[in-house]
Structure formats: C-alpha cells, structure tokens
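In: Make a model of this:
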Amino acid sequence: MNIYKSMFRKMIINKKGTTLLEMVVALALFSTAMLSATEIFLLVIEGQRNAIAAQNLQENMRYSFETMAKELRMAHKDQGGDCNMVNDERIYEADVTNKELYFKNYHDQCVRYYIDNDRLKIDRDLDVAYITPDEIKVSNLKFDVVDDIQNKQSRVTMKMDIENLGGKALYRKNMKIQTTLSSRYYE
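Out: Below is the predicted model of the structure:
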C-alpha cells in the first residue's frame, strides 16, 4: 500500500499537462489522417463504380455479339442474287459508307446489319428487330470486309463506339470495341 501512496504523491507533485500548441498539432495531424483516409475510401468507391459500369456495358453487348457472330460465321454466298448484293461471288458486302453489312445467312435469308436510332438493328427478309438493349447507345459503326481470294476466306471487322445510358451521368461509360469474324463457308 505504501508503494501506491508514493506513486500518487509523485503524480500530484508532477503537474505537467499538455500545452495549447501540442493540442493544435495533435488535432492537425488527426484531421490530416482522417481526410486522407476519407479521400482514399472515396477513390476506391468511385473506381469500383466505374468498373461495374464497364462490366455492365460489356455484358449488355455480349448477346448482340454472340448473335452476330453465329450468323456471320455461317454466312454463305448469295449465288442466286436474292439479296441484291453488287457482287454475288462475295460472302459479305458493305455499303459504300461501310455502315451497313449485307449477307445471306445459313437459313438462306438476306440479312442486313445497320444502326437505327442509336441502336444496332438487324433486318432478315423484312423481319426487323433491334439487337442492342435500350440503355446502350451505338455510334460510329463501321464494317470492313476483306475477301481473301487465295485462301477463299472472307472476314468482317466490326468497329463501333458504345455508351451505356442508364444510371447517373457521372457513371456512364464509353467504349470503343472491335471484333473480327471469319466465314466458315468454303467451296
């Protein structure tokens, strides 16, 4: 018990406290640390939202690309001239501006891909439908058609800009996408 009394006396005799300057410095350091932590947290949240927006945009376009890929790979020559293509010895044909693509699919239907009202549209023998969702804006669509006469392998490169329109403008995402598909049709 005597030990506690002597420690208590030393504490009473030693009346050192914190000064105002020490308190201001401690408060400034604490505030800086808290603001830094908050900023880092907000940057992580914003990065996560941007990543989710990009992922949603890609997932929304996946169906469109899968539909187009299947049909483009299975396309064949329009030898009867049913599809009003300029050259019936080609598998694919783009219009003069490269904004529309024409071909004959594996069901012998004439097919045309093009943009209408900022959406990708397909026309199969007058059966017309959009193949991109409402919340996706498609622009700058371009089809580059290459016919490799030596290998008899035709291919189409599709380029387009896409933007998701859903949600807040702050979290909208723009992307440039490109894919090349080759025909499986051989004579």
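In: So which elements touch the host helix or strand of Leu181?
Out: Using DSSP states H and E, Leu181 falls within strand 174-182. If contacts are counted by 3 or more Cβ pairs under 8 Å, 6 or more residues apart in numbering; DSSP states H and E, strand 174-182 sits against helix 20-73, strand 153-164. For the C-beta atoms, the positions are set from N, CA and C on the backbone; glycine is no exception.
In: list the helices and strands the first one packs on?
Out: Okay, so that is helix 20-73. strand 136-148, strand 153-164, strand 174-182.
In: Ok, the last one next?
Out: For strand 153-164, the elements it packs on are helix 20-73, strand 136-148, strand 174-182, judged by 3+ Cβ pairs under 8 Å, 6+ apart.
In: change it to 10 Å
Out: If you count contacts as 3 or more Cβ pairs under 10 Å, 6 or more residues apart in numbering; DSSP states H and E, strand 153-164 packs onto helix 20-73, strand 92-94, strand 101-104, strand 110-116, strand 119-124, strand 136-148, strand 174-182.
In: Could you list the low-confidence segments of the chain?
Out: 1-17, 84, 86-88, 148-152, 167, 169-171, 186-187 (pLDDT under 70).
In: before we move on, the earlier item: quick one, which of the helices and strands packed on strand 153-164 is packed in tightest?
Out: Among the helices and strands packed on strand 153-164, strand 101-104 has the highest mean neighbour count (mean count of other Cβ atoms under 10 Å), at a mean of 24.
In: picking that back up, take the helices and strands packed on helix 20-73 and lay them out in CSV including distance to Ala54.
Out: Listed next are those as CSV, based on distance: least, Cβ to Cβ, whole Å:
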stretch, distance to Ala54
strand 136-148, 13
strand 153-164, 9
strand 174-182, 7
